[in-house]
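Participant: Using only what follows, build the 3D model:
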Amino acid sequence: MRLVIALGGNALGETPEKQKEMASITAKYIVPIIKSGYDVIITHGNGPQVGLINLAFTEGGKINEKVYKMPFSECGAMSQGYIGFHLENALINELNKEGVKKSVVSITTEVEVDKNDPAFSNPTKPIGSFYSKEEAEKMPYVMKEDSGRGYRRVIASPKPVKVLEMDVIKSLNESGYVVITCGGGGIPVIKENDKYNGIDAVIDKDYASSILASSVNADILMILTAIDCCKINFNKPNEEKLGVVTVSDMKKYNLEGHFLSGSMKPKVEACIDFVSKDKQRVAIITTIEKALDALDGKCGTKIIY
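Facilitator: Sure thing, here's the model as predicted:
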């Protein structure tokens, strides 16, 4: 069975050394899934990493004029490269340790977005450092106040349309490779005059993972996060864990506002979209620690048609 695993931020670290440590732990949970016979494709976020890369170029330019401003799409590509390296390295080491003959490859992935996506008119995704109001007013970017902590640059978060390297991803996975792809939701590109060009934006990795999973005809989309299942009436006396749930019920809960934007909502919507396209598909939301048990039906939220 083909399985797309979307890693949450808790599977990665904010510094290179911490990230290598976390990638090693992540590999210890993914390799047993691979050993169970699943054809695995892995996606991951890049929130802290891409922000730090962008910040490094911004602050470096203040010190040395030879440090040029780096477009955000290029920063995304850099984050894909070094996160992919850490995950690839950790998985190879763990597979070798377990005596599993399996190759791993990380792909720099471009994802098309619509240049007319309304998200470009209302950027909401915060990146980089916090600034005072006075500092923010001097910035050449859209700056917004962030939860009373200061002002941050915000950029658009458009919906993904198409993964450009899809044929390669599918071919490699069908040939037995574990593929790491769509890092940070993919490098956002728009098509103009029959050419693709990078654009300043951040694609939600859960939506991108859903598009990817559908395009490779995956049987299961598993989104790994910080909690082991979805809940309705969260943090209320009548809080309820969701086990096996139908798409129609999840749509209803979503419309009722049980899942918050920037938290569980995009994960739920990505799963709904994936399962809605094929009655045989399944989506799972759980933690990385319980991933294998969730595949065995022992825990987690399982969304079915």
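Participant: Surely D278 is in a strand?
Facilitator: No. Counting by DSSP: H, G, I helix; E, B strand; the rest coil, D278 is located in no strand; its state is coil.
Participant: Give me the phi and psi for it.
Facilitator: phi -160, psi 120 (degrees, to the nearest 10).
Participant: mind listing what it touches?
Facilitator: When contacts are counted by Cβ atoms under 8 Å, 6 or more residues apart in numbering, D278 touches 214, 305. The way it works is simple: take the backbone N, C-alpha and C, and place the C-beta from them, glycine included.
Participant: Where does pLDDT dip in the stretch 101-250 of the chain?
Facilitator: Within the stretch 101-250 of the chain, no range satisfies pLDDT under 70.
Participant: Let me know whether Y68 touches F57 as I believe.
Facilitator: Yes. Assessed by Cβ atoms under 8 Å, Y68 is found in contact with F57 at 7.3 Å.
Participant: Run through the bridge partners of the closest residue to V244 other than its chain neighbours.
Facilitator: Counting by Cβ to Cβ, 6 or more residues apart in numbering, K302 is the residue found nearest to V244 once chain neighbours are left out, at 4.8 Å. Listed beta-bridge partners, K302: V244, I284 (assigned using DSSP bridges).
Participant: Tell me the backbone dihedrals of the closest residue to S132 other than its chain neighbours, please.
Facilitator: Spatially, and ignoring its direct neighbours in sequence, S132 is nearest to G150 (6.4 Å; Cβ to Cβ, 6+ apart). Per-residue torsions, G150: phi 130, psi -170 (degrees, to the nearest 10).
Participant: Next one: G150 from Y131, what distance?
Facilitator: 6 Å (Cβ to Cβ, to the nearest Å).
Participant: so which strand or helix has L87?
Facilitator: Element membership for L87, per DSSP states H and E: helix 72-97.
Participant: buried set for that helix?
Facilitator: Neighbour counts over helix 72-97 (16 or more other Cβ atoms under 10 Å) mark 72-73, 75-80, 82-92, 94-95 as buried.
Participant: And for stretch 123-132?
Facilitator: Residues of stretch 123-132 classed as buried: 123, 125-128, 131 (neighbour count, 16+ other Cβ under 10 Å).
Participant: How about stretch 236-247?
Facilitator: Using 16+ other Cβ under 10 Å as the test for burial, stretch 236-247 gives 242, 245, 247.
Participant: so where does I223 fall, helix or strand?
Facilitator: Going by DSSP H and E, I223 is in strand 220-224.
Participant: List the strands paired with that strand, with their directions.
Facilitator: When DSSP bridges is applied, strand 220-224 pairs with strand 2-7 (parallel), strand 282-286 (parallel).
Participant: out of those, which comes closest to M139?
Facilitator: Closest to M139 of the strands paired with strand 220-224, according to Cβ to Cβ: strand 2-7, at 31.6 Å.
Participant: what's the average pLDDT for the closest one?
Facilitator: Throughout strand 2-7, pLDDT has a mean value of 98.
Participant: quick one: that strand to helix 72-97, angle?
Facilitator: Interaxial angle, strand 2-7 versus helix 72-97 (axes from the mean of the first three to the mean of the last three Cα atoms, to 10 degrees): 120 degrees.
Participant: what's F85 in contact with, if anything?
Facilitator: Counting by Cβ under 8 Å, 6+ apart, F85 touches S106.
Participant: ok, which stretches of the stretch 1-150 of the chain are strands?
Facilitator: For the stretch 1-150 of the chain, the strands defined by DSSP state E, counting those that start in this stretch occupy 2-7, 39-44, 104-106, 110-113, 125-131, 143-145.
Participant: Spatially central residue in this protein, please.
Facilitator: Residue closest to the mean C-alpha point of the chain, counted by Cα atoms, centre = their mean, is K205 at 2.8 Å.
Participant: count of neighbours near the residue nearest to that one when sequence neighbours are not counted?
Facilitator: Of all residues not flanking K205 in the chain, G185 sits nearest, at 4.2 Å (Cβ to Cβ, 6+ apart). G185 has 32 neighbours, counted by other Cβ atoms under 10 Å.
Participant: residue contacts, the closest residue to A77 other than its chain neighbours?
Facilitator: Distances taken as Cβ to Cβ, 6+ apart place I187 nearest to A77, at 5.3 Å, with adjacent residues excluded. Neighbour list for I187: 73, 76-77, 80, 108-111, 198 [criterion: Cβ under 8 Å, 6+ apart].
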